[in-house]
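Undergrad: Fold the following for me, if possible:
(chains A, B, C, D, E and F)
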There are 6 protein chains.
Amino acid sequence: MALVKFIEYADASPEVRAVYDDIMTSRKVDWITNFWKALASDPVTLKRTWDSVKQVMEPGALDALTKEMIYIAVSVTNNCGYCINSHTASARKAGMTDAQFAELIAVTNRLANGYQVEIDERVAKAAKQR
Amino acid sequence: MALVKFIEYADASPEVRAVYDDIMTSRKVDWITNFWKALASDPVTLKRTWDSVKQVMEPGALDALTKEMIYIAVSVTNNCGYCINSHTASARKAGMTDAQFAELIAVTNRLANGYQVEIDERVAKAAKQR
Amino acid sequence: MALVKFIEYADASPEVRAVYDDIMTSRKVDWITNFWKALASDPVTLKRTWDSVKQVMEPGALDALTKEMIYIAVSVTNNCGYCINSHTASARKAGMTDAQFAELIAVTNRLANGYQVEIDERVAKAAKQR
Amino acid sequence: MALVKFIEYADASPEVRAVYDDIMTSRKVDWITNFWKALASDPVTLKRTWDSVKQVMEPGALDALTKEMIYIAVSVTNNCGYCINSHTASARKAGMTDAQFAELIAVTNRLANGYQVEIDERVAKAAKQR
Amino acid sequence: MALVKFIEYADASPEVRAVYDDIMTSRKVDWITNFWKALASDPVTLKRTWDSVKQVMEPGALDALTKEMIYIAVSVTNNCGYCINSHTASARKAGMTDAQFAELIAVTNRLANGYQVEIDERVAKAAKQR
Amino acid sequence: MALVKFIEYADASPEVRAVYDDIMTSRKVDWITNFWKALASDPVTLKRTWDSVKQVMEPGALDALTKEMIYIAVSVTNNCGYCINSHTASARKAGMTDAQFAELIAVTNRLANGYQVEIDERVAKAAKQR
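TA: Residues are numbered from 1 along each chain as shown, chains lettered A, B, ... in the order given. Predicted coordinates for the structure are as follows:
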């Protein structure tokens, strides 16, 4: 459960809506993820973070896919589940193949986190105090 | 699922109860959180940890709220979900406002972890191998 | 939800089956955990990882239990839930007592992560924005 | 040895100078630290980073000193020596007392890193293979 | 350079001296390392930390050497150079062989940090911007 | 100071020399870095690590440069100075431009570590207790 309320588009102030609109236009999507809805509780941070992310992630000397893959590597090393999921989704959308993802996770050398593997029920049971 | 059994007050030894009583008195609450119930499986660590936490967190050159906010920052950076929740609860109880919390999370620069944002179902689906 | 499909024994290629067979023989078990089923989506990494783990974890100057306990310490410090559960299960199977586990977690000094304590509902509620 | 060349004021482009000038004016100092001189090798990142830091660190619901102390806690947990030194310097300038610093480091519970303690020569010798 | 002044025995208050004496007696040494001299700037934290370390590290269900090796694993994963050196020195004193150390570092899988390998001058030069 | 002795080629056993020869041939260099010389104190780990690194880093679905850049991102996030230097050197050799490096470090968002910025003497002085 997130520690702040999510701000839906319908309830958003004009300044928050402006950021939401720019996110949707830039990313060619018609909805907003929880991350931005959480940040919207602090509109100044919402705008600053979006402006930064937009600038950092736009293609330059590195193409968009390479940047997303680097972001996945950082997220896996930081063990941030939200970040791993969202950047993997973006990377797949930008064309990342299964083979590229596998090689990327191999380089990070954090395989269980990298693939977000669920704990086996039998293992969890065996790990518990009897 | 925790890896050790929780010790409830009713089942606790006198030495564990003494710590539980001190926790409830010091914090002005009438129940014990899972963290302490887990530690009670090792009464020596329970007592040592509580004595340390009590001493470290008591107001001194820094007031109680500032200490809780510093603890939140450490917990967010360590990505410890249990710790983030418990120190945020304590900080709110000590008077932390939404604006203070937002500025604190902004300084940590770990926004998804800091706000404990849930992964969007649509994102999780898009991140998965097809 | 894991980000890759799990490969079941029945669906596995001969090279993946060879690794699965070696895992089950070496560990004297008759099933394969999610970790290996996820890695099997990349058979080269599956084989390399299993060969490494097998070599690193086999008793030498340190016995198998000590190695598992060191692995738990690393997993707790890295905050990898999957790893904590699987190495704790292995360590218990190798004879780790509750007292040894408690002393190990005390040395790591990451108690909430180490014991994988669930967040109390009341705490989660108190941590949330009202 | 830093991995990029430092850009001195005398050699800086007008856009870099504009950031340097704003840093010096805002912080009431007459020189630029290595961090900014390194970032200046990438003027877009220099400007974006300075604009963010300036906004995040300016007093709001939290005063400047509390923000610097939270930043120290994050830096200690991340084990970033440069960051620990620079935020401790800023915090002292903002009035942090020795007692406040000690309590802050105690909350982080990373004492050797927090105080940036040098390795004893005798210990280093005893740690080495003979 | 440490961020606090070291307190030498000759300059120490009676309460600090009492801790120093206990450290030297318990560890059968006749000098105090920088870590404790730094903590002595905050006598309450010095005493609390020493009391905790003494209790956590004393042989119980795990022998002293196993505890030191677990501490090395935690220190390597946290990338704390001071901690790696001091616990490796203690472990060697407690009888850790070169082969045990090698197997321990192999389990941590952080080899460059674990062995505290110095950066090659040629590599540092090749890594720098030309 | 590394915690194990470096094994020079002239003093190496035939099995260690075989690995050294393969490293030099594969990388088209005529010398061995400290990392491998340290690992050579444990020839089994030396061979296993080299075989893994060689397999993980060889071009496949991702080219060699992209893999080195992902490795830099992991090293920066783990704050491993040795690793940052050695992978940055390899990436530059593989053709990484200054602009690519800058964008990569920007994605990691660990700028002081990423660029390995030296602490300013004036800052270190200002951070110290007076």
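
Undergrad: In space, what's closest to the most centrally placed residue in chain A - neighbours in sequence excluded?
TA: For chain A, the residue nearest the mean C-alpha position is A:Ser86 (2.8 Å; Cα atoms, centre = their mean). Spatial nearest neighbour of A:Ser86, chain neighbours left out: B:Val123 (5.3 Å); criterion: Cβ to Cβ, 6 or more residues apart in numbering or on different chains. Yep, even glycine has a C-beta here, placed from its N, CA and C like the rest.

Undergrad: check which helix or strand covers the one you found.
TA: Following DSSP states H and E, one finds B:Val123 within helix B:121-127.

Undergrad: swap in A:Tyr20?
TA: helix A:14-27.

Undergrad: What spatial separation is found between the residue nearest to the centre of chain A and A:Met24?
TA: A:Ser86 is 15 Å from A:Met24, where distance means Cβ to Cβ, to the nearest Å.

Undergrad: ditto for A:Glu103
TA: 32 Å.

Undergrad: who has more neighbours, those two?
TA: A:Glu103 (24 against 15; other Cβ atoms under 10 Å in any protein chain shown).

Undergrad: now that one: how far from C:Phe6?
TA: 19 Å.

Undergrad: Would you check that A:Asp42 makes contact with B:Leu111?
TA: No: the pair A:Asp42 / B:Leu111 is not scored as a contact, 9.4 Å apart, by Cβ atoms under 8 Å.

Undergrad: quick one: low-confidence parts of chain A?
TA: Across chain A, nothing is flagged by pLDDT under 70.

Undergrad: need the residues of it near chain E, please.
TA: Within chain A, the positions near chain E by Cβ under 8 Å from any Cβ of the partner chain are A:Asn109.

Undergrad: and chain A, which residues reach chain F?
TA: Residues of chain A lying near chain F (Cβ under 8 Å from any Cβ): A:56-57, A:60-62, A:66-67, A:69-71, A:73-74, A:76-78, A:97, A:99-100, A:102-104, A:106-109.

Undergrad: ok, 7 Å please
TA: Contact residues, chain A versus chain F (Cβ under 7 Å from any Cβ of the partner chain): A:56, A:60-62, A:66-67, A:69-71, A:73-74, A:77-78, A:97, A:99-100, A:103-104, A:106-108.

Undergrad: Narrow these to those in helices?
TA: If you go by DSSP state H, those have A:56, A:66-67, A:69-71, A:73-74, A:77-78, A:99-100, A:103-104, A:106-108 in helices.

Undergrad: Are any of those residues buried, and if so which?
TA: A:56, A:66-67, A:69-71, A:73-74, A:77-78, A:100, A:103-104, A:106-108 (16 or more other Cβ atoms under 10 Å in any protein chain shown).

Undergrad: Not counting residues beside it along the chain, what's closest to whatever residue of chain A ends up closest to chain E?
TA: Of the residues in chain A, the one nearest chain E is A:Asn109, at a distance of 7.1 Å by Cβ to the nearest Cβ. The shortest distance from A:Asn109 to any non-neighbouring residue, by Cβ to Cβ, 6+ apart, is to E:Asn109 (7.1 Å).

Undergrad: Please apply the same query to A:Arg110.
TA: Closest to A:Arg110 by Cβ to Cβ, 6+ apart is A:Val76, at 5.0 Å.

Undergrad: And for A:Thr88?
TA: With sequence-adjacent residues excluded and distances taken as Cβ to Cβ, 6+ apart, A:Thr88 is closest to B:Ala127, at 4.0 Å.
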